[in-house]
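> sharing a model prediction with you, sequence too.
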Amino acid sequence: MSDDNITVEALARLENCDDPRLKLITTSVITHLHAVVREVEPTLEEWGQAIDFLTQVGHWCDDTRQEFILLSDTLAVSMLVDTLAGRKPESATESTVLGPFHLPNAPELSFGANISKDRIGEPTLVTGRVLSIDGTPIANAKLDVWQASAEGLYDVQEPERFPNMNLRGIFYTNGEGQFGFCTEKPASYPVPTDGPVGAMLKALGRPAMRPAHIHFMVSAEKYQSLTTHLFVRDDPYLKSDAVQAVKDSLIVEFKQLDNPVEAEQFGIPSPYFKVNEDFRLALAV
Ligand code: BEZ
Ligand code: FE
């Protein structure tokens, strides 16, 4: 076998695959991987390092750590998939990456509940509505919410302090499509750098910071689910997000308010920050 026909022969071996999509994807993967090797001509040692790196990425994954998502995110592949696969009508709220810190089974909480367990950060009230793109309120829409603390850490990064979930919750909209919850103002934070992806970023001389944000996964019957963030306006890292996930329409103001009546209604001290933002869902196709 010569280097001329290795690729041709590898592609020919897909001949008996009767799943056309799988065949198309595998053809593309082999074609592009072979093109990389032809261009770079890695030494055997370099190829060994590449295999070792991917092995390490796998070893770092468990129920609370997803190093493969982090790799996809930091190479901007997640954002490219999101952009191409998540095309929606213009008036629908834009999506962005899921990230590696979503956990299934967050606690279901009632309107106005506080997702901050220690209440140490700056008190923040988040309100809004879930609407269809024509502005009709959607009742009983589900919002799965998660965020990093005021210290820039997710609960799973400090399990001794927060063994039972912190800064996570599931909320449902009321009959007018409204939701509301209390939290602490999120901080910007570095993506996890203690594993192989962190070593990769360091070797590439790349900063690891993400701008402060709250994550939302919004879903409702008959509508396309939306995975997105709300970013804090004026954050210094908005233009240099390590995973290129910022979209202008998702940058919102955390307005400082001194309104003791509303604060008391939600059981938080005044002054506090308030975000009021609607999510618009496109109909399922
Ligand atoms: C996050 O926002 O939680 C996140 C996204 C991508 C990489 C690391 C963290
Ligand atoms: Fe995050």
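Now that the structure is in, tell me what you want to look at. Ligands and ions are numbered 1, 2, ... in the order given.
> every contact and neighbour count from this point should use C-alpha atoms.
Noted.
> residue 169 and residue 231: what is the separation?
18 Å (Cα to Cα, to the nearest Å).
> what sits against residue 178?
Taking Cα atoms under 8 Å, 6 or more residues apart in numbering as the contact definition, residue 178 lies against 127-130, 137, 139.
> neighbour-wise, which of the residues you listed leads?
residue 130 (29 neighbours; other Cα atoms under 10 Å).
> the closest residue to residue 225 other than its chain neighbours and ligand 1: what is the separation?
Counting by Cα to Cα, 6 or more residues apart in numbering, residue 225 lies nearest to residue 219, which is 4.5 Å off, once chain neighbours are set aside. According to Cα to the nearest ligand atom, to the nearest Å, residue 219 stands 19 Å off from ligand 1.
> quick check: residue 219 touching residue 141?
Yes: between residue 219 and residue 141 a contact is recorded at 5.8 Å, counting by Cα atoms under 8 Å.
> looking at these two, which is more packed in?
Neighbours were counted for residue 219 and for residue 141 using other Cα under 10 Å; residue 141 has more, 24 against 20.
> list the contacts of the nearest residue to that one once chain neighbours are set aside.
Nearest residue to residue 141, sequence neighbours excluded (Cα to Cα, 6+ apart): residue 220, at 4.6 Å. Shown in contact with residue 220 (Cα under 8 Å, 6+ apart): 138, 140-142.
> domains of this protein?
As given by automatic domain parsing, the domain ranges for the chain are 6-60, 77-281.
> now the closest residue to ligand 1 within the stretch 1-150 of the chain: phi and psi?
The minimum distance from the stretch 1-150 of the chain to ligand 1, using Cα to the nearest ligand atom, falls at residue 99 (3.5 Å). Dihedral angles of residue 99 (phi, psi; degrees, to the nearest 10) stand at phi 80, psi 170.
> same thing with the one 10 residues further on?
The phi and psi torsions at residue 109 (degrees, to the nearest 10) take the values phi -130, psi 160.
> residue 210 now?
Torsion angles, degrees, to the nearest 10, at residue 210: phi -110, psi 140.
> count the residues that sit near it.
Residue 210 is flanked by 25 other residues according to other Cα under 10 Å.
> ok, now which ones touch it?
Taking Cα under 8 Å, 6+ apart, we find residue 210 in contact with 188-191, 237-238, 240-243.
> flag every residue of the protein that's near ligand 1.
Within the chain, the residues that sit near ligand 1 (Cα under 6 Å from any ligand atom) are 70, 73, 99-101, 191, 243.
> give me that answer again for 8 Å
Contact residues, the chain versus ligand 1 (Cα under 8 Å from any ligand atom): 69-70, 73-74, 97-102, 147-148, 154, 190-192, 210, 213, 215, 242-243.
> just the buried residues from these, in PyMOL please.
PyMOL command restricting the residues of the chain next to ligand 1 to the buried ones, with burial defined by 16 or more other Cα atoms under 10 Å:
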select buried, resi 69+70+73+74+97+98+99+100+101+102+147+148+154+191+192+210+213+215+242+243
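> mind checking which of the residues of the chain next to ligand 1 land in strands?
147, 190, 210, 213, 215 (DSSP state E).
> farthest-separated two in those residues?
Using Cα to Cα, the two most remote members of those are 190 and 215, lying 15.7 Å apart.
> which residues in the stretch 151-285 of the chain form helices?
Taking DSSP state H, counting those that start in this stretch as the criterion, the stretch 151-285 of the chain contains helices spanning 196-203, 260-266.
> again with the stretch 1-150 of the chain
6-12, 20-40, 44-59, 67-74, 77-85.
> highest mean neighbour count out of the ones you listed?
helix 67-74 (a mean of 21; mean count of other Cα atoms under 10 Å).
> which elements pack onto that helix?
Using 3 or more Cα pairs under 8 Å, 6 or more residues apart in numbering; DSSP states H and E as the contact test, the elements touching helix 67-74 are helix 44-59, helix 77-85, helix 196-203.
> quick one: the first one to helix 196-203, angle?
Taking axes from the mean of the first three to the mean of the last three Cα atoms, to 10 degrees, one finds helix 44-59 and helix 196-203 inclined to each other by 130 degrees.
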